[in-house]
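>>> the following comprises the amino acid sequence and a computationally predicted model.
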Amino acid sequence: MSPLAIDAAAIGVGAFCGALSRYQVGRITGEIIAENPARLGGLTNWHTAGINILGSFILGGVSQATTTTWPSGLTPRMKLLLGTGFCGSFTTFSTYSVDVVNWIAHGQISTAMKYVALNNVGGILAAATGMAVVKSIKLK
């Protein structure tokens, strides 16, 4: 099998797992909110921010693990599987964007801006934290 085909398969496996993970988080979150809409209804769509922040943490760790800080590091193919595949399909810029546009269209400007701030600042901080955590792990 050609290296390109193996790389594509690694990305595909990661993407499959990331997409299913994202679906499950959304499904479970939706069920929890539906059980108590009066108390939790305001959290609808906010799970996307949590997914994006978690994905940023994971990708930060993956990117750090491929550098010289880890003697063995991750192979380029594992980076494709975890970074491009899993994180690429687990996180979602498009859903984030649609959520913001919908809130603005419904006059919920404050909610939209809080969501933008949480996704952007939270994602950057999570990526930096993921990088720091991996950098602190000493492998022999």
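All right, it came through fine.

>>> alpha carbons only for contacts and neighbour counts from here, please
OK.

>>> can you pull out the helices in this protein?
Secondary structure of the chain (DSSP state H): helices at 3-35, 37-40, 47-65, 76-79, 88-90, 93-105, 109-136.

>>> can I get these in JSON lines with mean neighbour count and mean pLDDT?
Output for the helices of the chain, formatted as JSON lines (neighbours: other CA atoms under 10 Å; pLDDT from 0 to 100):
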{"stretch": "helix 3-35", "mean neighbour count": "16", "mean pLDDT": "96"}
{"stretch": "helix 37-40", "mean neighbour count": "12", "mean pLDDT": "91"}
{"stretch": "helix 47-65", "mean neighbour count": "22", "mean pLDDT": "94"}
{"stretch": "helix 76-79", "mean neighbour count": "17", "mean pLDDT": "91"}
{"stretch": "helix 88-90", "mean neighbour count": "23", "mean pLDDT": "96"}
{"stretch": "helix 93-105", "mean neighbour count": "14", "mean pLDDT": "95"}
{"stretch": "helix 109-136", "mean neighbour count": "17", "mean pLDDT": "95"}
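
>>> who's in contact with the most centrally placed residue in the chain?
Ranked by distance to the mean C-alpha position of the chain (CA atoms, centre = their mean), the top residue is Gly55 at 2.3 Å. Taking CA atoms under 8 Å, 6 or more residues apart in numbering, we find Gly55 in contact with 87, 90-91.
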